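# Everything below, folded, please.
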Amino acid sequence: MDIKVVQKRAEKNILRSNIDFKLTTTREKAILAHTVKLNEEVGELCNDILSILKLQRSSKLESFEKSNMYEEFADVLITVLQLASIAHVDMDRATRQKLKKIEDRKKIEKK
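Numbering: from 1, shown residues only. As a prediction, the model looks like this:
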């Protein structure tokens, strides 16, 4: 199939899949922006992990520095914490509750 034909068919479906976010507040806009930013940071971390595993193309492997991966982990964590703050999520509480849930699940699985 010709890519132009595929693009034309995709264009016909734009209106059906177009999402109207109706973001009105600064907070809503910040939540969306930080969600997109989080995906960017996770993608960068994934690239570094692929490099460590030597699964990246050679041009990326040549410029890869392992120390950069530490920055990418930090970027992901910082962006998550920023997003949580904007969304009014208490990360201390959320983390404690989730860890307890995981630990409880493991106890049940061991039985």
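# Leu23: what's its closest spatial neighbour, skipping adjacent residues?
Nearest in space to Leu23, with sequence neighbours left out and distances taken as CB to CB, 6 or more residues apart in numbering, is Lys29 at 5.0 Å. C-betas here are computed from N, CA, C, even on glycine.
# Local confidence estimate at that neighbour?
Looking at Lys29, its pLDDT is 93.
# so how far is the top helix by length along the chain off the chain centroid?
For the chain, the longest helix by residue count, based on DSSP state H, is helix 26-52. Centroid displacement of helix 26-52 relative to its chain, using CA atoms, centre = their mean, to the nearest Å, is 5 Å.
# Could you pull out the buried residues of it?
Buried residues in helix 26-52, counted by 16 or more other CB atoms under 10 Å: Ala30, His34, Lys37, Leu38, Glu41, Glu44, Leu45, Asn47, Asp48, Ser51.
# Need the max-distance pair from those.
Farthest pair in the buried residues of helix 26-52 (CB to CB) is Ala30 and Ser51. Separation: 31.3 Å.
# coming back round to it: who are the packing partners of the longest helix of the chain?
helix 58-63, helix 66-86 (3 or more CB pairs under 8 Å, 6 or more residues apart in numbering; DSSP states H and E).
# Let's have the buried residues of helix 26-52 in JSON lines, adding distance to Val6.
Formatted as JSON lines, those follow (distance: CB to CB, whole Å):
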{"residue": "Ala30", "distance to Val6": "35"}
{"residue": "His34", "distance to Val6": "33"}
{"residue": "Lys37", "distance to Val6": "30"}
{"residue": "Leu38", "distance to Val6": "30"}
{"residue": "Glu41", "distance to Val6": "31"}
{"residue": "Glu44", "distance to Val6": "29"}
{"residue": "Leu45", "distance to Val6": "32"}
{"residue": "Asn47", "distance to Val6": "28"}
{"residue": "Asp48", "distance to Val6": "33"}
{"residue": "Ser51", "distance to Val6": "32"}
